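J.: Sequence and computational prediction follow.
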Amino acid sequence: MPTSIPIGSPLARRVYGAAVFADTQRKPSFRKNLTGPAPKQGSAESKLRGQSSQDFPFVRVNDLEKTAGDTVTVDTFNIIQGKPVMGDAKIAGKMMALTFDSMDVSIDQYRGGVDSGGRMTQKRTVHNLRGIAKANLAGYFSRLEDQLCLTHVAGARGFEAGGDWVVPMETDPDFANIAVNAVNPPTFNRRFLAGTATSVANLATTDFLTLTDIDRIRAQIDEMPFPLQPIRIDGDADSDENPLFCLYVTSRQWHYLQTNTSAQNWRTFISNAHARSDGFNHPLFRGTPGMWNGILIKKMGRSVRFPAGSSVREYTLAGLITPAVCAVDTDRAVLLGAQALAEVYGRHGKSGHQADWSEIEVDHGNSVETVAAFMGGKSKIRFNDIDGVLTDHGVITIDSYAPAVTV
């Protein structure tokens, strides 16, 4: 017989708040596969801040000293530059400057609640009610976390309105509060388009995403003065000689990618992914991914989508944000390297942990309302390079023509 924990008990707050948070972090999801493991012994600073591996796209920081309204500072260091000092020439006064940029990630409380209803309260024990509430709230927050991560790295929420979307569209008056930190469009040097387009305003009905685009983008990544940092997975023997990046495409982009690829190239595309993961096991390679030119390509469960005639924010070369009107139905893919997004969790004031659980009887004891709460925030990691150019650190977006697939 289970131990009885009364409604509103501090023990329930500790146990079930932590359980919902753990379930949310463990659920198979877009963000879980892109977040690295906790630091190993010896990484003192990372361990102190509860920071996950910086070799993965999403870096998680559990700073339990922070509460709602606080910010956590994320530093990105620039590479040093300068001529070497040769022979016996004096090195004094010729030290290279160590420069870095800092960005603040704000955190806030976000909550979700369940009203179990009078009839269910009468038929089920408090333990069953808690189990049902915990499962539903864990699923709810897992979707919320996934969608916030996608919105921040994509630099836009898009206009898809599926029933499982928790994050509202950017036109919603509550969008900015839910995002916590500003959702910034892709920087000019991290924005690509299929075909020969230079903006969503001049995408054509022939500009589907193709393997040729993948080759072109990979060539440009390799020549960037500040390229994406690759994803490093334990056991990946090719990580040094063949840097790994991960491209998430929408279901429409995947369909047209396959449609515009020869059967032979498609077989190679699929077999490349199996060959790369031979000898190690990681969730990124599960399902039916493909790989082309060192870029692992996977389908997303959701889409950042802009119908023809909708407005999209774009950075100009001069660093100004301007609206552009989509010429055609457009989907956005996200190409991820290391350290694309910072996920920060702080301390919930009541529980002292990242999450809290609260339950009260209402309607004269006929029903129970349950609320779970988290303290956190997310932000795309950006920096100014040594030339002062604003740059998204670990993500590139690729927009392409992607009309609805007809039968």
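T.: Done, it's in. Numbers count the residues shown, from 1 in each chain.
J.: And for the spatially closest residue to residue 253 that is not a sequence neighbour, the neighbour number?
T.: Setting aside the residues directly before and after it, residue 253 is nearest to residue 209 in space (C-beta to C-beta, 6 or more residues apart in numbering), at 4.8 Å. Any C-beta I mention is one placed from the backbone N, CA and C, and that applies to glycine too. For residue 209, the count of nearby residues is 27 (other C-beta atoms under 10 Å).
J.: and if you look at the one 4 residues further on?
T.: Applying other C-beta under 10 Å, we find 19 other residues in the vicinity of residue 213.
J.: go on, residue 387?
T.: Neighbourhood size, residue 387 [other C-beta under 10 Å]: 8.
J.: quick one: it from residue 319, how far?
T.: Taking C-beta to C-beta, to the nearest Å as the measure, residue 387 falls 12 Å from residue 319.
J.: the strands in the stretch 201-350 of the chain, which residues?
T.: Per DSSP state E, counting those that start in this stretch, the stretch 201-350 of the chain carries strands over the ranges 245-249, 290-292, 295-299, 304-306, 311-315, 321-325, 330-336, 341-345.
J.: Serialize those strands to JSON lines and add fields for mean pLDDT.
T.: Formatted as JSON lines, the strands of the stretch 201-350 of the chain follow (pLDDT from 0 to 100):
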{"stretch": "strand 245-249", "mean pLDDT": "95"}
{"stretch": "strand 290-292", "mean pLDDT": "95"}
{"stretch": "strand 295-299", "mean pLDDT": "95"}
{"stretch": "strand 304-306", "mean pLDDT": "97"}
{"stretch": "strand 311-315", "mean pLDDT": "95"}
{"stretch": "strand 321-325", "mean pLDDT": "95"}
{"stretch": "strand 330-336", "mean pLDDT": "97"}
{"stretch": "strand 341-345", "mean pLDDT": "86"}
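J.: Is it possible to get a markdown table of these that adds mean neighbour count and distance to residue 376?
T.: Formatted as a markdown table, those follow (neighbours: other C-beta atoms under 10 Å; distance: least, C-beta to C-beta, whole Å):
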| stretch | mean neighbour count | distance to residue 376 |
| --- | --- | --- |
| strand 245-249 | 25 | 22 |
| strand 290-292 | 23 | 33 |
| strand 295-299 | 21 | 25 |
| strand 304-306 | 24 | 21 |
| strand 311-315 | 18 | 25 |
| strand 321-325 | 13 | 26 |
| strand 330-336 | 26 | 20 |
| strand 341-345 | 25 | 4 |
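J.: Can I get those strands in a markdown table including distance to residue 171?
T.: Output for those, formatted as a markdown table (distance: least, C-beta to C-beta, whole Å):
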| stretch | distance to residue 171 |
| --- | --- |
| strand 245-249 | 24 |
| strand 290-292 | 35 |
| strand 295-299 | 27 |
| strand 304-306 | 13 |
| strand 311-315 | 10 |
| strand 321-325 | 13 |
| strand 330-336 | 18 |
| strand 341-345 | 23 |
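J.: between the ones you listed, which gets nearest to residue 194?
T.: Minimum separation from residue 194 across the strands of the stretch 201-350 of the chain (C-beta to C-beta) falls at strand 330-336, 9.2 Å.
J.: who does that closest one touch, helix- and strand-wise?
T.: helix 126-154, strand 245-249, helix 251-259, strand 304-306, strand 395-401 (3 or more C-beta pairs under 8 Å, 6 or more residues apart in numbering; DSSP states H and E).
J.: Turn these into CSV, columns for distance to residue 188.
T.: What follows is the helices and strands packed on strand 330-336, written out as CSV (distance: least, C-beta to C-beta, whole Å):
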stretch, distance to residue 188
helix 126-154, 16
strand 245-249, 20
helix 251-259, 22
strand 304-306, 18
strand 395-401, 11
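J.: I'd like to know which of the ones you listed lies nearest to residue 343.
T.: Proximity to residue 343 (C-beta to C-beta) singles out helix 126-154 among the helices and strands packed on strand 330-336, at 7.3 Å.
J.: Strands of the stretch 51-200 of the chain, start to end?
T.: Under DSSP E, counting those that start in this stretch, the stretch 51-200 of the chain gives strands at 58-62, 71-77, 100-106, 108-115, 191-193.
J.: Check which helices and strands the last one is in contact with.
T.: Same thing as strand 191-193. Packed next to strand 191-193, using 3+ C-beta pairs under 8 Å, 6+ apart, are helix 211-223, strand 395-401.
J.: again with the third one
T.: Contacts defined by 3+ C-beta pairs under 8 Å, 6+ apart place strand 100-106 against strand 71-77, strand 341-345, strand 367-380, strand 382-384.
J.: Centre of the chain to that strand, how far?
T.: Once both centres are worked out by C-alpha atoms, centre = their mean, to the nearest Å, strand 100-106 turns out to sit 17 Å from its chain's centre.
J.: Format the CA atom coordinates belonging to it as PDB.
T.: Extracted in PDB, the C-alpha atoms of strand 100-106 (Å, rounded to 0.1, in the frame of the first residue of the first chain):
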ATOM      1  CA  PHE A 100      35.600  37.700 -25.700                       C
ATOM      2  CA  ASP A 101      32.000  38.600 -25.900                       C
ATOM      3  CA  SER A 102      29.400  38.100 -23.200                       C
ATOM      4  CA  MET A 103      25.600  37.600 -23.500                       C
ATOM      5  CA  ASP A 104      23.100  37.500 -20.700                       C
ATOM      6  CA  VAL A 105      20.400  34.900 -20.600                       C
ATOM      7  CA  SER A 106      17.300  35.800 -18.500                       C
END
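J.: Can you give me the neighbour number for the nearest residue to residue 175 once chain neighbours are set aside?
T.: Distance criterion C-beta to C-beta, 6+ apart; nearest residue to residue 175, sequence neighbours excluded, is residue 168 at 5.5 Å. Neighbourhood size, residue 168 [other C-beta under 10 Å]: 15.
J.: separation between the residue nearest to residue 253 and residue 398?
T.: As for residue 209, its distance to residue 398 is 7 Å (criterion: C-beta to C-beta).
J.: which neighbours do the two share?
T.: Contact criterion C-beta atoms under 8 Å, 6 or more residues apart in numbering; residues shared by residue 209 and residue 398: 194, 333.
J.: Could you give the separation of stretch 371-378 from the chain centroid?
T.: 16 Å.
J.: Residues touching it, excluding its own?
T.: Here stretch 371-378 makes contact (C-beta under 8 Å, 6+ apart) with 16-17, 20-21, 24, 66-68, 105-114, 137, 141, 148-149, 152, 180-181, 341-348, 354-359.
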